[in-house]
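1. This is the structure alone, sequence omitted:
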């Protein structure tokens with residue numbers, strides 16, 4: 001058994017047709033974890049969808065109406081970059097609900113991993129870059145409304161800058177956002193996070209891990225009640241939408257360092273998978289499985305003498 005819970009739902013896997021986004025990875029990651037004996041069925045929690053009330057704490061009423069009805073303009077569909085469907089709406093509402101539950105479970109167990117989500121390009125009034133609803137924003141707002149968290153930090157290690165995250169949490173004194181990304185990549189306009197680190201094309205393991213050290217320490221020094229970790233697989237050297245050059249070993253070490261730092265600080269960490277578009281889909285699945293393994297390695301050693309519910 002894992003020392004924490006995984007959150008997974010068949011509805012995460014949305015049929016997008018021929019598309020660069022491998023939505024099937026959500027199902028394949030779960031299957032590999034179970035088939036390899038890394039997790040068993042008791043480790044997996046099936047989340048409930050977020051409520052409209054939850055989503056409306058972050059997104060405008062007009063935007064929520066449009067995405068639920070499909071009443072999107074041609075331009076709105078173009079920037080969204082995924083085909084609208086009822087299944088898509090179900091999937092993102094489930095991802096937001098999973099994030100809410102992951103935040104709660106992380107504060108109980110030290111860690112929780114959503115086998116999906118990480119929709120960091122969603123803005124309060126529109127979606128971009130495959131992202132309709134900002135699951136981390138929705139979850140943070142729901143947990144705050146319930147009085148369960150106050151201060152949060154986001155460490156976003158997707159290859160693309162978290163523009164939606166920067167806007168969702170802009171001016172929030174109880175939020176600290178970090179984005180470590182490829183500078184010369186999507187999005188063209190990068191609203192400021194608390195800390196942005198734009199990396200050069202071709203950045204490799206050693207340089208990447210060195211660049212992560214300071215921002216990660218600053219995020220934890222902020223004293224968050226919960227750390228959101230977007231463990232994107234797309235800094236991988238063979239990713240089709242990325243231009244960094246991390247190896248599989250480098251990505252695993254990245255994950256281990258985030259988990260170890262959070263554990264040492266006594267800060268619970270809730271994980272979403274974010275992006276991953278490797279030339280070989282098996283590599284993307286393997287990277288996400290590696291994130292779970294890295295978390296299991298760290299938190300299996302941390303169950304005694306540590307308290308993660310800070311307030």
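-> Perfect, thanks for sending it. This structure is a prediction, so every number in the text was calculated from the model and none was measured.
2. Mind listing what's buried along stretch 111-128?
-> 111-123, 126-128 (16 or more other Cβ atoms under 10 Å). (C-beta placed from N, C-alpha, C; glycine too.)
3. ok, of those, which one's closest to residue 297?
-> residue 111 (11.2 Å; Cβ to Cβ).
4. which pair in the buried residues of stretch 111-128 spans the largest distance?
-> Within those, 111 and 126 form the most distant pair, 32.0 Å apart (Cβ to Cβ).
5. Mind pulling up the pLDDT for residue 1?
-> Looking at residue 1, its pLDDT is 88.
6. With the one 4 residues further on instead?
-> Among the per-residue scores, residue 5 holds a pLDDT of 98.
7. which residues touch residue 270?
-> The contact partners of residue 270, taken as Cβ atoms under 8 Å, 6 or more residues apart in numbering, are 99, 102-103, 105-106, 111-114, 139, 226-229.
8. With respect to residue 35, which of the residues you listed is nearest?
-> Nearest to residue 35 among the contacts of residue 270 is residue 113, at 17.2 Å by Cβ to Cβ.
9. is it true that that closest one touches residue 295?
-> Yes. Between residue 113 and residue 295 there is a contact under Cβ atoms under 8 Å: 6.4 Å.
10. could you pull out the strands for this structure?
-> 5-7, 44-45, 111-114, 152-156, 175-182, 195-199, 226-230, 269-272 (DSSP state E).
11. Can you name the residues in contact with the longest one?
-> For strand 175-182, contacts defined as Cβ under 8 Å, 6+ apart pick out 140, 151-162, 165-166, 169, 193-201, 203, 208, 211-212, 215-216, 218-219, 222, 224, 235, 242-244.
12. Quick check: bridge partners of residue 179?
-> residue 156, residue 196 (DSSP bridges).
13. any idea of the pLDDT on the closest residue to residue 84 other than its chain neighbours?
-> Ranked by Cβ to Cβ, 6 or more residues apart in numbering and with sequence neighbours excluded, the top spatial neighbour of residue 84 is residue 70, at 4.9 Å. Turning to residue 70, the model gives it a pLDDT of 95.
14. What of residue 303?
-> pLDDT, residue 303: 51.
15. Kindly report the same for residue 19.
-> Residue 19 is assigned a predicted lDDT (pLDDT) of 89.
16. Isn't it up against residue 82?
-> Yes. Residue 19 is within contact range of residue 82, at 6.9 Å (criterion: Cβ under 8 Å).
17. so where's this protein shaky on pLDDT?
-> Scanning the chain for pLDDT under 70 picks out 302-311.
18. again, only this time at 80
-> Low-confidence segments of the chain, defined by pLDDT under 80: 301-311.
19. Quick one: closest of the strands of the chain to residue 62.
-> Between residue 62 and the strands of the chain, the tightest spacing by Cβ to Cβ is seen for strand 175-182, at 24.4 Å.
20. where does that closest one sit relative to the chain's centre, distance-wise?
-> How far strand 175-182 lies from its chain's middle: 12 Å, per Cα atoms, centre = their mean, to the nearest Å.
21. now the angle from it to strand 226-230?
-> 20 degrees (axes from the mean of the first three to the mean of the last three Cα atoms, to 10 degrees).
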